[in-house]
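In: model this:
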Amino acid sequence: MTSGKKPDKYYAILEGAMKVFAENGFHKSQVSRIAKEAGVADGTIYLYFKKKEDILTSLFQEKLGELVEKFNLAVRESTSPKDALRKICEIHFSELENNIHMAYLTQIELRQSDLELRKEIGLALKRYIILIENILEKGKNDGSFRSDLDVKLVRLLIFGGMDEVVTSWLISGQKYSLTAQVEPTLDFFLRGIET
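Out: As a prediction, the model looks like this:
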């Protein structure tokens with residue numbers, strides 16, 4: 001699809017693919033299984049996607065796009081850079097805790113994808129990383145965060161820290177609340193960056 005609102009079948013295919021990829025792994029997932037999960041004919045998938053890799057890329061672009069919109073809205077409504085970081089951490093953890101298939105996809109499958117696929121997905125992640133960078137810059141400028149902060153490095157450390165918390169939660173079998181990790185995670189970040 002090139003423009004305009006995408007049809008319901010497109011989104012049904014993405015939702016079906018997310019579940020199938022999470023349960024079977026990207027490489028073991030068959031297009032026919034995705035079609036069945038989505039409630040569409042096998043051939044319908046090829047009306048929207050050329051190959052299975054396109055489904056995965058579109059899935060990340062759509063889901064990360066939705067997530068970044070939630071982040072942007074929360075950041076606009078926040079009262080300070082510290083509050084903005086808290087909201088980002090809350091959304092990051094709660095969205096993945098509430099969508100286990102997306103959590104598996106982002107934490108496990110993404111790391112097993114080929115380089116070209118990871119590059120395309122990385123472009124979708126870039127908006128998120130830049131948002132974190134902007135929060136850090138704002139905090140640096142208003143005196144909330146240290147003036148000697150290496151913003152480019154710290155944005156990656158924050159994203160990487162949240163990413164690792166989610167991965168550890170998945171590996172543990174989700175034996176504890178991921179959202180309960182927001183405050184300790186935020187406290188760790190702030191001890192390193194606050195003035």
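
In: quick one: low-confidence ranges for this structure?
Out: Scanning the chain for pLDDT under 70 picks out the ranges 1-4, 113.

In: what are the ranges of the helices in it?
Out: Along the chain, counting by DSSP state H, helices occupy 8-24, 31-38, 42-48, 52-77, 81-98, 100-104, 110-112, 115-141, 151-171, 182-193.

In: may I see the ones you listed organised as TSV, with mean neighbour count added?
Out: Placement of C-beta: from N, CA and C, glycine included. Formatted as TSV, the helices of the chain follow (neighbours: other Cβ atoms under 10 Å):
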stretch	mean neighbour count
helix 8-24	19
helix 31-38	18
helix 42-48	15
helix 52-77	17
helix 81-98	20
helix 100-104	18
helix 110-112	13
helix 115-141	16
helix 151-171	16
helix 182-193	15
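
In: nearest residue to Lys9 other than its sequence neighbours?
Out: The shortest distance from Lys9 to any residue other than its chain neighbours is 5.6 Å, reached at Val40 (Cβ to Cβ, 6 or more residues apart in numbering).

In: and Lys87, by the same measure?
Out: Counting by Cβ to Cβ, 6+ apart, Lys87 lies nearest to Ala74, which is 3.9 Å off, once chain neighbours are set aside.
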